[in-house]
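Visitor: Would you be able to build a 3D model of this:
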Amino acid sequence: MSAAMNSDAEKPVRKVVITVAGLGTRFLPATKATPKEMLPVVDKPAIQYVVEEAVSAGLEDVLFVTGRNKQSLENHFDRAWELEAALEQKGDQQRLDRVRQSQVLGDIHYVRQGDPRGLGHAVLCGARHVGDEPFAVMLGDDLIDPRDALLAPMLEVQQRYGGSVVALIEVDPSQVSLYGCAAVRPGDTDDVVEVTDLVEKPDPADAPSNLAIIGRYVLHPAVFDVLRETPPGRGGEIQITDALKTLAGMPAEAGGGVRAIVFRGRRYDTGDRQDYLRTTVQLACERSDLGPDFRAWLREFVAALPPEDTR
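Guide: I've put the predicted structure just below:
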């Protein structure tokens, strides 16, 4: 194994911090009273897909970092006694099981971010709950197809090497200004690279690569001390990218070192309106119970569209 291994690799990752404090302004007015994470993707809210991914990777201790007006999210993962009683009375076991699924996914906790001071600050809000052990961070509007595992391999990399692990995707160079971007060098295997530098939302001409960070992280607890000393960066917010850049330059014995998996599987961005619509259509098409009829309708609908729809 690599010389970068340290004692932290002996501590398994047990907890996940899921950040859901954003205002969802891109979806207004739909998100005026409803959290964007609760918008449905087919027939489940987007956030349930994220929690299911965490639990399937073995992380059943879930901390949501929330903000104002997120009560419906908390209610979704709680018991709904009246609804369950009504479904039981009707003998509708199928829907009853689906309703109950969200409340038994894991051990779920909540903390409020308060001031919207960026993703780095949101992660820092989880320090007391996480304690002195490595942990995962997931963004509430990034969905990973369960057929293309990402979080579980990231946990394996962290267990092997210690330090922190991020997920990268290749994007068109013109799109790098939408992401944090990484400079990397080859690692011990083809699947894992070492991160040497990170830049938050760079201009395309200044980007170190076209490898962009997406919303999956496995972090060494040293990140909390780093975040406490990280000044506001781009947009006046405390950026997790800036903290990771510091960690990348720290020695392994101090919790430093950042590795990455370059992910080439299926990812859905439900924080963007166009991608949200594509995600809903794609997942509906792939459902065995909905797909056949929906695909047939979709083919007819698309075939009937004029060559250039200006509506």
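Visitor: give me the low-pLDDT residue ranges for the chain?
Guide: Counting by pLDDT under 70, the chain shows low-confidence ranges at 1-10, 309-311.
Visitor: So what's the residue count around the residue lying closest to D203 once chain neighbours are set aside?
Guide: Nearest non-adjacent residue to D203, counting by Cβ to Cβ, 6 or more residues apart in numbering: S177, 6.1 Å away. For glycine as for every other residue, the C-beta is placed from the backbone atoms N, C-alpha and C. Residues contacting S177 under the criterion other Cβ atoms under 10 Å number 15.
Visitor: mind listing the helices in this structure by residue range?
Guide: Applying DSSP state H to the chain gives helices spanning 46-56, 71-76, 81-90, 93-101, 119-124, 127-130, 151-161, 222-228, 240-248, 273-286, 291-304.
Visitor: and the first one, how far out from the chain's middle?
Guide: Read it as helix 46-56. 9 Å (Cα atoms, centre = their mean, to the nearest Å).
Visitor: Phi, psi for G255 please.
Guide: When read as degrees, to the nearest 10, the backbone of G255 gives phi 90, psi 10.
Visitor: Over to A149?
Guide: Dihedral angles of A149 (phi, psi; degrees, to the nearest 10) stand at phi -60, psi 140.
Visitor: Pull the number of nearby residues for it.
Guide: Counted by other Cβ under 10 Å, the residues lying close to A149 total 15.
Visitor: I figured the residue nearest to D203 was touching V199, is that so?
Guide: No. Applying Cβ atoms under 8 Å as the test, S177 and V199 come out as separate, 10.1 Å apart.
Visitor: Quick check: neighbours shared by the two?
Guide: Counting by Cβ atoms under 8 Å, 6 or more residues apart in numbering, the common neighbours of S177 and V199 are A207.
Visitor: so what's T25 up against?
Guide: T31.
Visitor: where does it sit relative to R273, distance-wise?
Guide: 11 Å (Cβ to Cβ, to the nearest Å).
Visitor: repeat for P116
Guide: In this view, P116 and R273 are 21 Å apart by Cβ to Cβ.
Visitor: Over to D188?
Guide: Between D188 and R273 the computed distance is 40 Å (Cβ to Cβ).
Visitor: still on that earlier bit, which one, of the helices of the chain, ends up nearest to A182?
Guide: When the helices of the chain are ranked by proximity to A182, the top entry is helix 240-248, at 8.6 Å, counting by Cβ to Cβ.
Visitor: Pull out the buried positions in that closest one.
Guide: For helix 240-248, the neighbour count (16 or more other Cβ atoms under 10 Å) marks 240-248 as buried.
Visitor: can the residues you listed go into a markdown table with extra columns for distance to A57?
Guide: What follows is those, written out as a markdown table (distance: Cβ to Cβ, whole Å):
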| residue | distance to A57 |
| --- | --- |
| I240 | 20 |
| T241 | 23 |
| D242 | 27 |
| A243 | 23 |
| L244 | 21 |
| K245 | 26 |
| T246 | 27 |
| L247 | 22 |
| A248 | 24 |
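Visitor: of all those, which comes closest to Q159?
Guide: Nearest to Q159 among those is L247, at 17.2 Å by Cβ to Cβ.
Visitor: Next up, the contacts around that closest one.
Guide: If you count contacts by Cβ under 8 Å, 6+ apart, L247 has them with 163-164, 220, 222-223, 226, 255-258.
Visitor: at 7 Å what do you get?
Guide: For L247, the contacting residues are 164, 220, 222-223, 226, 255-256, 258, by Cβ atoms under 7 Å, 6 or more residues apart in numbering.
Visitor: what's the answer for G67, then?
Guide: The neighbours of G67, taking Cβ under 7 Å, 6+ apart as the test, are 21, 112-113, 116.
Visitor: Could you identify the buried members of the residues you listed?
Guide: Among the contacts of G67, those buried by neighbour count (16+ other Cβ under 10 Å) are 21, 113.
Visitor: In CSV, list the contacts of G67 along with distance to E308.
Guide: Formatted as CSV, those follow (distance: Cβ to Cβ, whole Å):
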residue, distance to E308
A21, 41
R112, 48
Q113, 45
P116, 41
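Visitor: ok, the contacts of G67 vs P204, which is closest?
Guide: Of all the contacts of G67, the one with the least separation from P204 (Cβ to Cβ) is P116, at 27.3 Å.
Visitor: Am I right that Q113 is in contact with G126?
Guide: No. If you go by Cβ atoms under 7 Å, Q113 and G126 don't touch, sitting 9.7 Å apart.
Visitor: shared neighbours of the two, anything?
Guide: Shared contacts of Q113 and G126, defined by Cβ under 7 Å, 6+ apart, are found at V65.
Visitor: if you go through the stretch 101-250 of the chain in chain order, where are the strands?
Guide: With strands called from DSSP state E, counting those that start in this stretch, the stretch 101-250 of the chain shows them at 107-112, 135-139, 142-144, 164-170, 180-189, 192-200, 211-219.
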